[in-house]
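# got a predicted structure plus its sequence, pasted below:
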Amino acid sequence: MDQKTRPVVSRWLWIILAIIVVLAAGFFSWYYLSGPGKKVTATTASATATVETAAPDQLLAGYSKYSNDTYGFNFQYPETWTSTKSETNTESSQGKIAKDLVFKVRYYDPNAVKKEGPNPPDDVYMRVYKKNSDFTNLNAWLVSTFKLPNTELEDYQVGSEISLGGLKGYYSSIGCCAGVDRNYVVEKGNYIYSLGSSHFDSSITDKDMPATFQKIAPTVKITTASAAADWKTYNNSTYGFQLTFTDSWKNYAIEEMATGSSGGSAGYIIAVPSTNNKDVMSIIIYTPDAYAKAVAAADPAPGKVIGQTPKYVYTYIPSNGLNGEPDSTFYSTYIPNLVKTFKAL
């Protein structure tokens, strides 16, 4: 009996063993091909050419950054460029370009030669306008501000739609005849921002703007302005000072300028559009060390000190007069009274 059952038991053992082997092979195949044991090999995508743009708070190669906390904006520009006062005159062919203008700054290539024709000079500027009480929308503001009373611009068009600093706006042509400035114009809060470049050919479209300008425009950020809503109070959060204007300074403009040989850290020109936008006075800001050197050199001599903090020395210099002639009211009353309001923040 025992001799007859051994082959049967032995056969079932072989069958069970075969099943175990098959299951084990399946398990190990799954484990290493699809399961936790799968080996992953990292691959690197092939490099592709990209247009150089600036990530937030990242400088483009060879660029510097201009920031203005007072009016809430910043942009990048080639580090070889320099700042200067932009040419703005209420009697020029650009008409009411200074209306509601409160601040402007311009950077340009000092090696560039301005020529008439389709080739623009290498420059960029930012103009900041204060919204007046009757502001309704950007389109209407552009038309009312820059349409001149002549047949050429009676049908002023605001231009194509653009985006600047994450805001929607217009690519507008400002001026006529003697010259045209091209501007990306947007608005936020109490202000209107105009990023532009000087041109002499009215046929230039936004796609024809110089390559450097097209590289600068994407770097613009419109932030939150710290300037007081009241136009009479000017706060400069960058260098920490405040001025309080009276009605006689209505529509004044503050312009940042290059300090040149003065050795100052920054300079601001105060101009009054109602007097053909002539310079009225300048504020030059020094570090204490730079001020000491300026005093020692006396060429040029620094202006009168109106305030001082551990970080800065604030001075002011009146201009040589309005329209070439000193205005007794401005120089005997308005400027001294304005200087008295100076306050370091």
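Yep, that arrived. Numbers count the residues shown, from 1 in each chain.
# S282 bridge partners, please.
Taking DSSP bridges as the rule, S282 bridges to I269, I317.
# V143 falls within a helix, correct?
Yes - applying DSSP: H, G, I helix; E, B strand; the rest coil, one finds V143 inside a helix.
# pull the number of nearby residues for it.
When neighbours are defined as other C-beta atoms under 10 Å, V143 has 15 of them. In this view, the C-beta of every residue, glycine as well, is placed from N, C-alpha and C.
# could you point out which element follows the lowest-mean-pLDDT helix or strand in the chain?
Scoring the helices and strands of the chain by mean pLDDT, DSSP states H and E places helix 2-33 at the bottom, with a mean of 62. For helix 2-33, the succeeding helix or strand toward the C-terminus, using DSSP states H and E, is strand 63-68.
# adjacent strands (with direction) for the next helix or strand after that following strand?
Downstream of strand 63-68, the first helix or strand assigned by DSSP H and E is strand 73-78. Using DSSP bridges, strand 73-78 pairs in its sheet with strand 63-68 (antiparallel), strand 221-222 (antiparallel).
# between those strands, which gets nearest to I285?
For the strands paired with strand 73-78, proximity to I285 was assessed by C-beta to C-beta; strand 63-68 is nearest, at 14.3 Å.
# buried sites along that closest one?
Across strand 63-68, burial judged by 16 or more other C-beta atoms under 10 Å covers 63, 65-66, 68.
# pLDDT and distance to Q157 added to the residues you listed, as JSON lines?
Below are the buried residues of strand 63-68 laid out as JSON lines (pLDDT from 0 to 100; distance: C-beta to C-beta, whole Å):
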{"residue": "Y63", "pLDDT": "94", "distance to Q157": "33"}
{"residue": "K65", "pLDDT": "91", "distance to Q157": "33"}
{"residue": "Y66", "pLDDT": "90", "distance to Q157": "30"}
{"residue": "N68", "pLDDT": "87", "distance to Q157": "30"}
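# nearest to L345, of those residues?
N68 (15.2 Å).
# for the closest one, what are its contacts?
By C-beta atoms under 8 Å, 6 or more residues apart in numbering, N68 lies in contact with 74, 103, 105, 126, 238, 256.
# please parse this structure into its domains.
As given by automatic domain parsing, the domain ranges for the chain are 1-40, 87-218, 228-345.
# now the buried residues of strand 63-68 as a markdown table including distance to N132?
Output for the buried residues of strand 63-68, formatted as a markdown table (distance: C-beta to C-beta, whole Å):
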| residue | distance to N132 |
| --- | --- |
| Y63 | 35 |
| K65 | 31 |
| Y66 | 26 |
| N68 | 21 |
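# for the residues you listed, work out which two are farthest apart.
Y63 and N68 (16.6 Å).
# rewinding a little: quick one: which of the buried residues of strand 63-68 is nearest to P78?
Relative to P78, the closest of the buried residues of strand 63-68 is Y63; by C-beta to C-beta it sits at 6.0 Å.
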